[in-house]
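S.K.: Have a look at this prediction, sequence included:
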Amino acid sequence: MILETPRLLLRPWEESDAQDLFEYAKDPRVGPIAGWPAHKTVQDSLDTIRTVFSVPYVFAVVPKEVGKPVGAISLQLGSNSNFPLPDTEGEIGYWIGVPYWGQGYIPEAVKGLLRWGFADLHLEKIWCGYFEGNQKSRRVQEKCGFTYHHTNQDILWPLTGETKTEHISCLTRQDWAASQP
């Protein structure tokens with residue numbers, strides 16, 4: 001499945017994307033703030049595509065003018081989420097390569113997934129989190145209409161082995177619908 005926004009294609013990852021993924025996932029400013037270690041090799045990126053990115057609803061963020069993946073976004077439903085959610089709710093996660101920071105691609109991608117999740121999948125709520133200090137992610141959530149719900153302090157994050165503080169926000173279908181033109 002491919003989702004389209006005015007400037008983006010959100011499409012499934014392909015093994016042939018490994019080099020493009022590595023180009024951005026190797027940067028230590030990207031993964032660790034999002035909760036995963038920076039990739040050390042193209043093989044790390046290929047392994048990620050084959051495992052983490054092979055589950056349903058994980059998309060490559062492809063700006064139409066660039067034509068290759070520069071980030072990732074996912075909508076994990078119910079028990080596939082990092083949160084204990086019912087099947088009527090989901091969690092959005094995202095990241096984008098440093099050269100594309102500040103260009104509005106991730107808010108656009110999030111809004112595309114929100115539209116799909118609420119209008120097509122009929123989800124009741126969509127959740128999103130960010131780790132302490134990740135102000136860019138916090139701003140994306142604010143721009144997309146999420147509201148603060150709670151904070152989880154001192155959680156052991158398995159991908160990095162670090163103890164982190166995570167701020168959780170939520171958007172209901174009713175609030176999303178009220179914000180639509």
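M.R.: All right, it came through fine.
S.K.: if we look at the helix or strand of the chain with the lowest mean pLDDT, which residues are touching it?
M.R.: When the helices and strands of the chain are scored by mean pLDDT, DSSP states H and E, helix 31-34 comes last with a mean of 86. With contact meaning CB atoms under 8 Å, 6 or more residues apart in numbering, helix 31-34 is reached by 25, 37-39, 93, 95, 131, 133-134, 137, 160. Just so you know, the C-beta spots here come from the backbone N, C-alpha and C atoms, and that holds for glycine as well.
S.K.: change it to 6 Å
M.R.: Helix 31-34 is contacted by residues 37-38, 95, 134 when judged by CB atoms under 6 Å, 6 or more residues apart in numbering.
S.K.: how about the nearest residue to Ile96, chain neighbours excluded?
M.R.: Spatially, and ignoring its direct neighbours in sequence, Ile96 is nearest to Gly71 (3.3 Å; CB to CB, 6 or more residues apart in numbering).
S.K.: now Arg11
M.R.: Ile2 (4.5 Å).
S.K.: again with Thr172
M.R.: With CB to CB, 6+ apart, the residue lying closest to Thr172 is Lys125, at 5.2 Å.
S.K.: distance of the residue nearest to Ile96 from Val61?
M.R.: Distance, Gly71 to Val61, by CB to CB, to the nearest Å: 4 Å.
S.K.: For the residue sitting nearest the centre point of the chain, give me its contacts.
M.R.: When CA atoms, centre = their mean is applied to the chain, the residue found nearest the centroid is Tyr94 (1.9 Å). By CB under 6 Å, 6+ apart, Tyr94 lies in contact with 73, 106.
S.K.: Retrieve the pLDDT associated with it.
M.R.: Looking at Tyr94, its pLDDT stands at 96.
S.K.: next SSE after the strand or helix carrying it?
M.R.: Assessed by DSSP states H and E, Tyr94 sits inside strand 89-96. Sequence-wise, the next helix or strand downstream of strand 89-96 (DSSP H and E) is helix 105-115.
S.K.: send the alpha carbons of that next one over as CSV?
M.R.: The C-alpha coordinates for helix 105-115 follow below in CSV (Å, rounded to 0.1, in the frame of the first residue of the first chain):
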residue,chain,number,x,y,z
TYR,A,105,8.0,16.5,5.8
ILE,A,106,7.3,14.6,9.0
PRO,A,107,4.3,16.7,10.0
GLU,A,108,2.9,16.2,6.5
ALA,A,109,3.6,12.4,6.8
VAL,A,110,2.0,12.3,10.3
LYS,A,111,-1.1,14.1,9.0
GLY,A,112,-1.4,11.7,6.1
LEU,A,113,-1.3,8.7,8.6
LEU,A,114,-3.8,10.4,10.9
ARG,A,115,-6.2,10.8,8.0
